[in-house]
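[1] Provided below are the primary sequence and the corresponding predicted coordinates.
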Amino acid sequence: MTIEKVTEIFKEVMYMDENEALDVNKSLFLDYDMTSIDFIDFSFEIKKAFSLSAEPDDIWPINKMATMPELYLAENKRWTEEGLKQINTILACSGRPIVDDHAIELRFLYTFFTLKYVSEKVRELQ
């Protein structure tokens with residue numbers, strides 16, 4: 001039920017036809033062109049629909065993590081050991097392989113932000 005509701009909310013935020021088929025494993029940012037503004041709207045609607053006390057950074061904390069020097073060294077574009085550990089904890093619900101490359105690009109991590117990820121994250125936050 002959760003993934004169906006998350007999908008419905010995503011379609012509404014993105015002004016998509018309700019009958020349009022979506023792949024729950026495709027990136028909302030890269031494959032469905034979600035913008036940062038869309039993400040804020042989507043997060044708000046998710047929060048409201050599921051009565052969560054979560055903020056957008058609770059749903060997708062990767063962007064915020066990239067601003068924290070103890071997790072990401074911006075000048076070197078490298079994640080610290082702690083940063084990689086936290087990324088893997090966050091992405092565990094995506095069912096994707098463990099990330100072990102300290103130089104993994106932020107944009108690549110967007111591939112993990114899928115309908116499946118969001119629905120699992122909602123279950124985690126409830």
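    Arrived safely.

[2] Leaving out chain neighbours, which residue sits closest to residue 7?
    residue 115 (5.4 Å; CB to CB, 6 or more residues apart in numbering). For the C-beta atoms, the positions are set from N, CA and C on the backbone; glycine is no exception.

[3] residues near that neighbour, how many?
    By the criterion of other CB atoms under 10 Å, residue 115 has 22 neighbours.

[4] give the contact list for it.
    3, 6, 7, 10, 22, 24, 25, 26, 28 (CB atoms under 8 Å, 6 or more residues apart in numbering).

[5] could you flag which of these are buried?
    6, 7, 10, 22, 28 (16 or more other CB atoms under 10 Å).

[6] Now distance to residue 52, secondary structure and pLDDT too, for the residues you listed, in CSV please.
    Shown next, in CSV, are the buried ones among the contacts of residue 115 (distance: CB to CB, whole Å; DSSP: H, G, I helix; E, B strand; the rest coil; pLDDT from 0 to 100):
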residue, distance to residue 52, secondary structure, pLDDT
6, 12, helix, 97
7, 17, helix, 97
10, 16, helix, 98
22, 22, coil, 97
28, 18, coil, 98
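
[7] my guess is residue 18 meets residue 10, correct?
    No - with contacts counted by CB atoms under 8 Å, residue 18 stays clear of residue 10, the gap being 10.9 Å.

[8] could you dump the longest helix seen in the chain to PDB, C-alpha only?
    If you go by DSSP state H, the chain has its longest helix at helix 36-49. C-alpha atoms of helix 36-49 as PDB (Å, rounded to 0.1, in the frame of the first residue of the first chain):
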ATOM      1  CA  SER A  36      14.900  20.400  -5.900                       C
ATOM      2  CA  ILE A  37      11.600  22.400  -5.800                       C
ATOM      3  CA  ASP A  38       9.700  19.200  -6.800                       C
ATOM      4  CA  PHE A  39      11.600  17.400  -4.100                       C
ATOM      5  CA  ILE A  40      10.500  19.900  -1.400                       C
ATOM      6  CA  ASP A  41       6.900  19.600  -2.600                       C
ATOM      7  CA  PHE A  42       7.100  15.800  -2.700                       C
ATOM      8  CA  SER A  43       8.600  15.600   0.800                       C
ATOM      9  CA  PHE A  44       5.900  17.900   2.200                       C
ATOM     10  CA  GLU A  45       3.100  15.800   0.600                       C
ATOM     11  CA  ILE A  46       4.700  12.600   1.800                       C
ATOM     12  CA  LYS A  47       4.900  14.100   5.300                       C
ATOM     13  CA  LYS A  48       1.300  15.100   5.200                       C
ATOM     14  CA  ALA A  49      -0.100  11.800   3.700                       C
END
